[in-house]
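> predicted structure and sequence below. I'll ask about it afterward.
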Amino acid sequence: MIGAVKIDPATGLLAGVRQVLSPHFDARPAGVLPELLVVHGISLPPGEFGGPWIDRLFTGTLPADAHPYFRDITAQRVSTHALIRRGGQLVQYVPFGERAWHAGQSSYRGRSACNDFSIGVELEGTDDTPYTDAQYAALAALITALLGAYPSLSAQAIAGHSEIAPGRKTDPGPSFDWVLLRGLLGQTLQASSRS
Ligand SMILES: [Zn+2]
């Protein structure tokens with residue numbers, strides 16, 4: 001059972017969640033609010049779960065010599081707002097009001113540079129490994145909290161990274177069950193509007 005997720009709107013930080021604050025962020029353009037949620041999948045090294053490497057990538061401290069795959073990505077300056085690990089645990093890297101560097105070259109409904117106006121959520125996983133029930137529950141709870149804290153967001157504006165960067169990105173992949181997320185989100189939104 002995942003408890004309610006709480007966001008402090010003054011700081012853009014999740015309450016009671018492990019914070020691993022990243023240096024890889026900057027301010028959104030003046031007057032631009034978060035309007036899009038981007039769902040990603042990540043694992044480091046690819047296909048392996050549970051190590052410290054995602055934190056290390058997003059904080060710019062990934063050791064190039066720890067795995068052959070890391071050599072090519074260690075210089076990347078990337079981040080995300082939040083990560084959901086396989087067990088459903090949340091980690092936050094960038095305050096939601098700031099611009100995290102997760103989308104890269106991207107376009108949503110004709111509007112480019114999605115980092116400017118989006119919030120990025122990574123799920124630890126791969127394109128072809130089913131994501132866990134705990135991850136879907138945590139994602140639905142997180143999105144519900146974000147919709148409450150940022151009225152500029154909408155349950156209708158949620159996209160996968162592959163959708164905003166087609167041909168370049170494939171995550172969260174065919175393994176991500178959008179129907180399941182939609183169903184859970186319907187339930188959590190209804191429950192939160194009753195409370
Ligand atoms: Zn991605």
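Cool, got the structure.

> so for the residue nearest the centre of the chain, what's the nearest residue that isn't a sequence neighbour?
Closest to where the C-alpha atoms of the chain average out (Cα atoms, centre = their mean) is residue 121, at 0.7 Å. Distances taken as Cβ to Cβ, 6 or more residues apart in numbering place residue 82 nearest to residue 121, at 5.1 Å, with adjacent residues excluded. Where you see a C-beta, it was placed from the backbone N, CA and C, and this is true even at glycine.

> OK, contacts around that neighbour?
Contact analysis of residue 82 by Cβ atoms under 8 Å, 6 or more residues apart in numbering lists 14, 17, 90-93, 119-122, 142.

> could you rerun that using 6 Å?
For residue 82, the contacting residues are 90, 92, 121, by Cβ atoms under 6 Å, 6 or more residues apart in numbering.

> who's it bridged to?
Beta-bridge partners recorded for residue 82 (DSSP bridges): residue 92, residue 121.

> picking up where we left off before, what about the residue nearest to the centre of the chain, distance to the ion?
Distance from residue 121 to the ion, counting by Cβ to the ion, to the nearest Å: 10 Å.

> nearest to residue 157 among the contacts of residue 82?
The closest of those to residue 157 turns out to be residue 121 (Cβ to Cβ; 13.2 Å).

> could you check the pLDDT of that closest one?
Here the pLDDT value assigned to residue 121 is 98.

> what comes up buried for the lowest-mean-pLDDT helix or strand in the chain?
Least confident helix or strand, the chain: helix 178-194 with a mean of 92, by mean pLDDT, DSSP states H and E. By neighbour count on 16 or more other Cβ atoms under 10 Å, the buried set for helix 178-194 is 181, 184-185, 188-189.

> now name the helix or strand holding residue 170.
In this structure, residue 170 sits in neither a helix nor a strand according to DSSP states H and E.
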